[in-house]
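Peer 1: With the input below, show me the fold.
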Amino acid sequence: MKKASIVKDRAATETRILNAARAVFARRGYDAAGLREIAEAAQANLSLISRYFGGKVGLLTALTDQFVAGRREGRLSYPPQDTLEDEIYSYLHEKLRDDLKDEDIVRLIVSRAAIDAEFREKGRVHSDGLADENFRFRVRRLQDNGKVSPDMDIDLLFAGVMHVSFSVNFFGAIVAGRPDTEIEALFHGFAAALAQGFPGRH
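Peer 2: Just a heads-up that it's a prediction; the model follows:
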């Protein structure tokens, strides 16, 4: 078998295993999920999970990598906004939509990170403190138009936006199931507060 074909077959098998792991983790929870059940769901040899991913922690780490990469590679679905407050507000809504769409993996990652130091440590690779390039581009556009201070710390602003996003999306929408009107009010309030904390030129 040619090397290219082997690589392609492995990639396809890894994808099946990851998809199966995500489904089994969502259905049974991380602790109750078994590698044999995941292998059967993926129609893959059990030994391949250890060979490709190093076990259950490796599977969850790979799912987290896949999840984060998908978020960073995507594009914003809403048009550029005319003010920093509106940009923050729209971005928060975009992230809420994404989190609700991927609620199963969000619950899994957050709950595991809360109790598993090994997994939490592996996840630090994603905590680089740098802004999403989509968000950075939008804020720079506002800077170019004179609506945001040119020396504003975009990474610091983004950190604030992400803290709001995580708190409202996970604890408010996903865990507590707060009504849409309450989520809307929170997004409006936080967007206004963050924008005022990073004033533009008038």
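Peer 1: now for the helix or strand of the chain with the lowest mean pLDDT, which elements pack on it?
Peer 2: Using mean pLDDT, DSSP states H and E, helix 117-122 stands out as the lowest-scoring helix or strand of the chain, at a mean of 81. In terms of contacts (3 or more CB pairs under 8 Å, 6 or more residues apart in numbering; DSSP states H and E), helix 117-122 is packed against helix 56-73, helix 103-115. For the C-beta atoms, the positions are set from N, CA and C on the backbone; glycine is no exception.
Peer 1: closest to Leu194 out of those helices?
Peer 2: Between Leu194 and these, the tightest spacing by CB to CB is seen for helix 56-73, at 19.8 Å.
Peer 1: Give me the mean pLDDT for that closest one.
Peer 2: Averaging pLDDT along helix 56-73 yields 87.
Peer 1: Please apply the same query to stretch 13-32.
Peer 2: Averaging pLDDT along stretch 13-32 gives 95.
Peer 1: got it, and stretch 163-179?
Peer 2: Here the average pLDDT along stretch 163-179 is 93.
Peer 1: and Ala192, what element?
Peer 2: Per DSSP states H and E, Ala192 falls inside helix 180-197.
Peer 1: Show me what counts as buried in that helix.
Peer 2: Using 16 or more other CB atoms under 10 Å as the burial criterion, the residues of helix 180-197 that qualify are Ile183, Leu186, Phe187, Phe190, Ala191, Leu194, Ala195.
Peer 1: For the fourth one, which residues are in contact?
Peer 2: Meaning Phe190. Listed by CB atoms under 8 Å, 6 or more residues apart in numbering, the contact set of Phe190 reads Ile88, Leu92, Val164, Val168.
Peer 1: thinking again about what came up before, can you add distance to Leu157 and mean neighbour count and give the helices and strands packed on helix 117-122 back as JSON lines?
Peer 2: Compiled in JSON lines, those are given as follows (distance: least, CB to CB, whole Å; neighbours: other CB atoms under 10 Å):
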{"stretch": "helix 56-73", "distance to Leu157": "17", "mean neighbour count": "16"}
{"stretch": "helix 103-115", "distance to Leu157": "23", "mean neighbour count": "16"}
